[in-house]
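Visitor: Sharing a sequence plus its predicted fold:
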Amino acid sequence: MIPSTTLNDGTTIPQLGFGTFLVPPEETAATVGTALEVGYRHIDTAQLYGNEAEVGQAIAESGLARDEVYLTSKVGNGEHKPDDVYRSFDETLEKLRVDKLDLFLIHWPLPTRYDGDFVSTWKAMVDLVQQGRLASAGVSNFQPAHLERIIGETGVAPAVNQIEAHPYFRNDDARKASHEHAIAVEAWGPLGQGAVLKDETVGGIAAAIDRAPSQVILRWHIQRGDIIFPKSMRRERMVENFQIFDFALTDEQMAQIDALDRGPEGRVGPDPDTFDRI
Ligand SMILES: NC(=O)C1=CN([C@@H]2O[C@H](COP(=O)(O)OP(=O)(O)OC[C@H]3O[C@@H](n4cnc5c(N)ncnc54)[C@H](OP(=O)(O)O)[C@@H]3O)[C@@H](O)[C@H]2O)C=CC1
Ligand SMILES: O=C(O)C(=O)[C@@H](O)[C@H](O)C(=O)CO
């Protein structure tokens, strides 16, 4: 039911998953357990979210086989040095209770930290794939210049670039640069972290086709070809966000939503060129 996207390394990823930013650790096992019951088979977490162990617990308790759930995590901002990448990756595997991870990302480029060196971090990620403990290596919040640099210095393009993208910030520059290198785009904050849900244009389309605003926005992402993993703590919203494959937006509706773009003014998260929090 959920379409798969084939990455540039030949692996596949479900185009719809479940996000876990701001899911508190004490509620994560139950929340992710509910998402798995609803049907999600792709979970996005991060070392920085502090909930990897509980994601692992939910998957273990679900009874699903390892290969039925696609798992992503991200290296913490304080773990960019290669030795720290290797050590923290081991910790991530242990917390998630797996011996191989599907996708591991450099969470932020942090171009003003570590003497601007995210290339050695990227080399360690590529090495994890060569070791056979990681299926796909990717990046997150990488701007076009950051992509050019790691590809230029290593010859290896990331499998994905996970970037902020939603109707108020299409992030066309980073999307275009990613696509030029056959890098799949994952759109984080697909609902603009809630900001786009009350938009009048989205509401008008939703009313016209008898769908929820969240479904209209998520369907827009799917038709653009991006990979998404909306987060919700509520079962009914998880179900709503999951039911987006039995209808389609017209070209005109897609264009109306495209026109909501506010450029960088529409960001709901930090600017990757200046974000430096560890
Ligand atoms: N790489 C990076 O730097 C980043 C990655 N991410 C990843 O992307 C995922 C998704 O982005 P996220 O920041 O969570 O934001 P989302 O765009 O997924 O929005 C989440 C918010 O929308 C609400 N919501 C969800 N579904 C509905 C619905 N159907 N109707 C009404 N409200 C709804 C949620 O509330 P409630 O929970 O109460 O339902 C929550 O407040 C994250 O969870 C994380 O995995 C996110 C940020 C940065
Ligand atoms: O959710 C994430 O993955 C993030 O990196 C962001 O939330 C980020 O840490 C942030 O928004 C800080 O204000």
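Guide: Cool, the structure landed. Ligands and ions are numbered 1, 2, ... in the order given.
Visitor: isn't Gln243 right up against Val216?
Guide: No. Look at Gln243 against Val216 with CB atoms under 8 Å: they stay out of range, at 12.0 Å. In this view, the C-beta of every residue, glycine as well, is placed from N, C-alpha and C.
Visitor: Apart from its chain neighbours, what residue comes closest to Asn241?
Guide: Among residues not flanking Asn241 along the chain, Pro230 sits closest, at 4.6 Å (CB to CB, 6 or more residues apart in numbering).
Visitor: Repeat that for Leu197.
Guide: Pro213 (5.0 Å).
Visitor: Pick out whichever of Gln243 and Val216 has more residues nearby.
Guide: Val216 (27 against 18; other CB atoms under 10 Å).
Visitor: Quick check: phi and psi on whichever residue of the chain sits closest to ligand 1?
Guide: Distances between the chain and ligand 1 by CB to the nearest ligand atom are smallest at Gly19, namely 2.4 Å. Gly19 adopts backbone torsions of phi -90, psi 150, taken as degrees, to the nearest 10.
Visitor: try Ser73
Guide: The phi/psi pair for Ser73 (degrees, to the nearest 10) reads phi -130, psi 180.
Visitor: show me what contacts it?
Guide: Thr45, Ala46, Gln47, Glu52, Thr92, Leu96, Leu101, Leu103, Phe104, Leu105 (CB atoms under 8 Å, 6 or more residues apart in numbering).
Visitor: One more: Gln47?
Guide: Residues in contact with Gln47, defined by CB under 8 Å, 6+ apart, are Ser73, Lys74, Val75, Gly76, Glu79, Ser88, Glu91, Thr92, His107.
Visitor: first vs last residue of stretch 124-138, how far apart are they?
Guide: End-to-end distance for stretch 124-138, by CA to CA, to the nearest Å: 11 Å.
Visitor: Kindly report the same for stretch 228-238.
Guide: 13 Å.
Visitor: So what sits opposite the residue of the chain closest to ligand 1 in the bridge?
Guide: Taking DSSP bridges as the rule, Gly19 bridges to Asp44.
Visitor: Test my guess that it contacts Asp44.
Guide: Yes. Using CB under 8 Å, Gly19 is in contact with Asp44, at 4.9 Å.
Visitor: got any residues that touch both of these two?
Guide: Counting by CB under 8 Å, 6+ apart, the residues touching both Gly19 and Asp44 are Phe229.
Visitor: Tell me where the stretch 51-200 of the chain has strands.
Guide: With strands called from DSSP state E, counting those that start in this stretch, the stretch 51-200 of the chain shows them at 70-75, 101-106, 134-140, 160-164, 184-188.
Visitor: Could you pull up the residues touching Asn41?
Guide: That one is not Asn; residue 41 is Arg. Contacts for Arg41 (CB under 8 Å, 6+ apart) come out as Ile2, Pro14, Gly17, Leu64, Glu68, Val69, Tyr70.
Visitor: cool, Val196 as well?
Guide: His166, Pro167, Tyr168, Val202, Pro213, Ile217, Leu260.
Visitor: now, which of those lie within helices?
Guide: Among the contacts of Val196, the ones falling in helices (DSSP state H) are Val202, Pro213, Ile217.
Visitor: ok, of those residues, which come out buried?
Guide: Val202, Pro213, Ile217 (16 or more other CB atoms under 10 Å).
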